[in-house]
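Let me see the structure of the following:
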Amino acid sequence: MLTVAGLRTAAGMWTDDPTDPLAAPIHDSLAGLPPLFIYQGGNEVFLPDVKVLAAKAEAAGTTVHLWIEPKAFHVWVAISGTPEAKAALDDVAAHMKIAN
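Numbers count the residues shown, from 1 in each chain. As a prediction, the model looks like this:
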């Protein structure tokens, strides 16, 4: 669904510096963040960066809940009628109940 070339073009419309942490949080220290809940498609271009982001956040002391849906594409959780999205949304709800 997304390509590296397309993402570079879009990034160029957003910022002149793709390493600016405001444009790409992966370039921030990630210290002091609240717990992160990341629901990632395993079949999309962001997966390597998301794994780095999660590891970097954990190394900075942040609790990270990383759910990788192996065959999913970008924004798969938004397709709420699928069993995979329903399971992920149920997971979000369960964590919200625990937090309250």
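
got a pLDDT number for the residue nearest to the spatial centre of the chain?
For the chain, the residue nearest the mean C-alpha position is Ile38 (4.6 Å; C-alpha atoms, centre = their mean). pLDDT for Ile38: 96.

That one: what's it in contact with?
Val50, Leu53, Ala54, Val64, His65, Leu66, Trp67 (C-beta atoms under 8 Å, 6 or more residues apart in numbering). (Each C-beta comes from the backbone N, C-alpha and C, glycine too.)

again, but for Val92
Contact partners of Val92, counting by C-beta under 8 Å, 6+ apart, are Phe37, Tyr39.

before we move on, what about Asp20?
So Asp20 contacts His27 (C-beta under 8 Å, 6+ apart).

Over to Ala72?
Ala72 is in contact with Gln40, Gly41, Gly42, Asn43, Glu44, Glu84, counting by C-beta under 8 Å, 6+ apart.

Surely the first one and Glu69 touch.
Yes. Counting by C-beta atoms under 8 Å, Gln40 touches Glu69, with 7.2 Å between them.

okay, now the nearest residue in space to Thr3 that is not next to it in sequence: neighbour count?
Sequence neighbours aside, Val45 is the residue nearest to Thr3 in space, at 6.8 Å (criterion: C-beta to C-beta, 6 or more residues apart in numbering). If you count neighbours by other C-beta atoms under 10 Å, Val45 ends up with 15.

Surely Val45 and Leu7 touch.
Yes. If you go by C-beta under 8 Å, Val45 and Leu7 touch, sitting 6.7 Å apart.

Going by neighbour count, which residues of the helix or strand where Ala87 lies are buried?
If you go by DSSP states H and E, Ala87 is part of helix 83-99. Buried residues in helix 83-99, defined by neighbour count with 16 or more other C-beta atoms under 10 Å: Glu84, Ala85, Ala88.
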